[in-house]
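Participant: prediction below, plus the sequence it came from.
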Amino acid sequence: MSEELFELAVCAEHAGMRLDVFVSGGYGEKSDVALIPNSSFLIHNLTRTHAQKLIGQGGVTVNGLARSKNYLLREGDAVAVRYRGPEPLAVQPQALELQIVYEDDALAVVCKPRGMVVHPAAGNADGTMVNALLYHLNGRLSGIGGVIRPGIVHRLDKDTSGLLIVAKTDRAHVSLAAQIKAHSFRRKYRALVCGVMKDAEGRIDRPIGRDERNRKRMAVGVRIARPAQTLYTVLQTFPASGASYLELELLTGRTHQIRVHMASLGRPVLGDALYGGERELSKRLGLAGQCLHAEYIAFRHPDDGRWMEFDSPLPDYFVNALNALEKRERSTV
C-alpha cells in the first residue's frame with residue numbers, strides 16, 4: 001500500500017487529549033479505539049500501540065513539529081499523519097484441511113486441530129493455520145497482526161485443539177481484541193489432568209510470568225508477572241488411574257495459562273511434557289501432547305453487537321483417552 005497523508009484538525013472536543021489517543025481514534029485514555037468525527041483516518045482503525053509506533057518513527061507531526069506520544073493537544077492544532085498500510089502478506093496460502101464453524105464478512109470461527117501451529121514462526125515456516133486461512137478465506141484477513149499473524153486475535157498452543165476466532169477486517173479485530181481485554185469474551189476448555197482434585201470447583205488466582213530459569217516456560221511466583229485467573233469445575237474423577245476431567249474458564253488470557261495454573265496446583269494437564277503431565281499414564285492413553293480442548297467461545301459481534309456462542313465436540317484423541325479411563329474404572333469396581 002502506498003503512503004497516505006492525513007491532516008486532522010483538533011477541535012475543542014479533543015483539546016487536552018494525548019496525541020497517541022487522538023491518532024488511534026480514541027476519545028479517552030481507557031478507549032482502545034473509537035471514532036473521530038469527520039475523519040477519513042478512522043477507516044484504518046489504528047490500535048493505540050500502532051499509533052505510538054507511528055509517532056516514534058516520526059510519522060506524526062503537530063503544527064509541523066515532531067511531538068511525543070503523550071503530548072497534550074490544543075484546540076486548533078494541525079496533526080499530520082503519514083500512514084503506510086500493511087505490507088503484502090509474505091505467508092503463502094496452502095490448501096490444508098481446516099474446519100470452518102462459522103463465517104461472515106467480519107469474522108470466522110474455526111476449529112484448530114491438535115498439532116497445528118497457529119502462525120508461522122521459527123521452525124514452522126508453513127503448514128500453519130494462517131496458511132490454511134489464507135487459502136480458505138481467499139486472503140480476506142485483518143492486517144493488524146502484521147504479515148505473519150493476519151487475522152489472529154487470540155491463539156492456541158500447537159497441541160491444544162479447539163475453537164479460535166479470526167478477524168477478517170481491521171474493525172472486527174479491534175472490537176474483538178477490546179472484548180478480550182475487557183474480559184467479556186468468554187472461553188471455556190475441557191482438560192484431563194493428573195490426580196484427583198480436592199475441591200469440586202474453584203478459582204485459581206495466581207499471576208503468571210516468564211519462568212526466569214527456562215524461557216520456554218511460564219510460571220507463577222516469579223518477579224515479573226501479570227494477573228491471571230482461571231475457574232474450574234470437576235466433571236468426573238478417575239481414582240483408579242489418578243486423573244480428573246475438568247471444565248475450565250479463562251477470566252484472563254495469559255500464555256499457557258491453564259497449563260501453568262494446573263501445574264501450580266500439582267495437577268498438570270495429562271500429556272503436557274513441558275509442565276510435568278505424568279508421562280506413564282499419558283503414554284498409556286496415547287497422548288502425544290497436552291489433553292486440552294477449547295470447546296466454547298462467546299462474544300458480541302463487532303458489527304451489530306449480537307451475542308454469539310459456539311461449542312465444539314471433543315476430538316477423537318480426547319474421547320479415546322476418556323473411554324480408556326472409564327474402562328479402567330469399571331474394571332476395578
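Facilitator: Yep, that arrived.
Participant: now for residue 276, how many residues are close by?
Facilitator: Burial of residue 276 is recorded as 14 neighbouring residues (other CB atoms under 10 Å). Just so you know, the C-beta spots here come from the backbone N, C-alpha and C atoms, and that holds for glycine as well.
Participant: now do the SS call for it.
Facilitator: Local secondary structure at residue 276 is given as coil here, using DSSP: H, G, I helix; E, B strand; the rest coil.
Participant: equivalent analysis for residue 191, please.
Facilitator: When the structure is reduced to helix, strand and coil (three-state DSSP), residue 191 reads as strand.
Participant: give me the pLDDT for it.
Facilitator: Per-residue confidence for residue 191 comes out at a pLDDT of 98.
Participant: isn't it right next to residue 258, touching?
Facilitator: Yes - counting by CB atoms under 8 Å, residue 191 touches residue 258, with 6.5 Å between them.
Participant: between the two, what contacts are shared?
Facilitator: With contacts taken as CB atoms under 8 Å, 6 or more residues apart in numbering, the residues that reach both residue 191 and residue 258 are 248, 269, 292.
Participant: the second one: neighbouring residues, count only.
Facilitator: Pointing back at residue 269 there. For residue 269, the count of nearby residues is 32 (other CB under 10 Å).
Participant: skipping adjacent residues, who's closest to it in space?
Facilitator: Nearest residue to residue 269, sequence neighbours excluded (CB to CB, 6 or more residues apart in numbering): residue 290, at 4.5 Å.
Participant: how many neighbours does that neighbour have?
Facilitator: Residue 290 is surrounded by 29 other residues when neighbours are defined as other CB under 10 Å.
Participant: mind saving the C-alpha coords of stretch 197-213 as PDB?
Facilitator: Taking only C-alpha atoms (Å, rounded to 0.1, in the frame of the first residue of the first chain), the coordinates of stretch 197-213 have been written out as PDB:
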ATOM      1  CA  MET A 197      -8.900 -32.600  42.600                       C
ATOM      2  CA  LYS A 198      -9.600 -31.800  46.300                       C
ATOM      3  CA  ASP A 199     -12.500 -29.500  45.500                       C
ATOM      4  CA  ALA A 200     -15.400 -29.900  43.100                       C
ATOM      5  CA  GLU A 201     -14.900 -26.400  41.800                       C
ATOM      6  CA  GLY A 202     -12.700 -23.400  42.400                       C
ATOM      7  CA  ARG A 203     -10.900 -20.300  41.300                       C
ATOM      8  CA  ILE A 204      -7.200 -20.100  40.600                       C
ATOM      9  CA  ASP A 205      -5.900 -16.600  41.100                       C
ATOM     10  CA  ARG A 206      -2.100 -16.700  40.600                       C
ATOM     11  CA  PRO A 207      -0.200 -14.100  38.500                       C
ATOM     12  CA  ILE A 208       1.800 -15.600  35.600                       C
ATOM     13  CA  GLY A 209       5.100 -14.500  34.100                       C
ATOM     14  CA  ARG A 210       8.100 -15.900  32.100                       C
ATOM     15  CA  ASP A 211      10.000 -18.600  34.000                       C
ATOM     16  CA  GLU A 212      13.300 -17.000  35.000                       C
ATOM     17  CA  ARG A 213      15.200 -20.300  34.700                       C
END
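Participant: which residues touch it?
Facilitator: Where contact means CB under 8 Å, 6+ apart, the residues beyond stretch 197-213 that reach it are 217-234, 237, 244, 246, 254-257, 260-261, 264-265, 267.
Participant: if you set the cut-off to 7 Å instead, what comes out?
Facilitator: Contacts to stretch 197-213, defined as CB atoms under 7 Å, 6 or more residues apart in numbering, come from residues 217-220, 222, 224-234, 244, 254, 257, 260-261, 264-265, 267.
Participant: related to what we said a few turns ago, let's see which of the shared contacts of residue 191 and residue 258 end up in strands.
Facilitator: Secondary structure assignment by DSSP state E places 248, 292 of the shared contacts of residue 191 and residue 258 in strands.
Participant: and of the shared contacts of residue 191 and residue 258, the nearest to residue 155?
Facilitator: Proximity of the shared contacts of residue 191 and residue 258 to residue 155 was ranked by CB to CB; the top entry is residue 292 with 13.2 Å.
Participant: can you give me the mean pLDDT across stretch 205-212?
Facilitator: Averaging pLDDT along stretch 205-212 gives 92.
Participant: my error: substitute stretch 218-232 in the last question.
Facilitator: Confidence over stretch 218-232 (mean pLDDT, whole number) is 93.
Participant: for the contacts of stretch 197-213, which PyMOL command selects only the ones that are buried?
Facilitator: To isolate the buried members of those in PyMOL, using 16 or more other CB atoms under 10 Å:
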select buried, resi 217+218+219+220+225+228+229+230+232+234+244+254+257+260+261+264+265+267
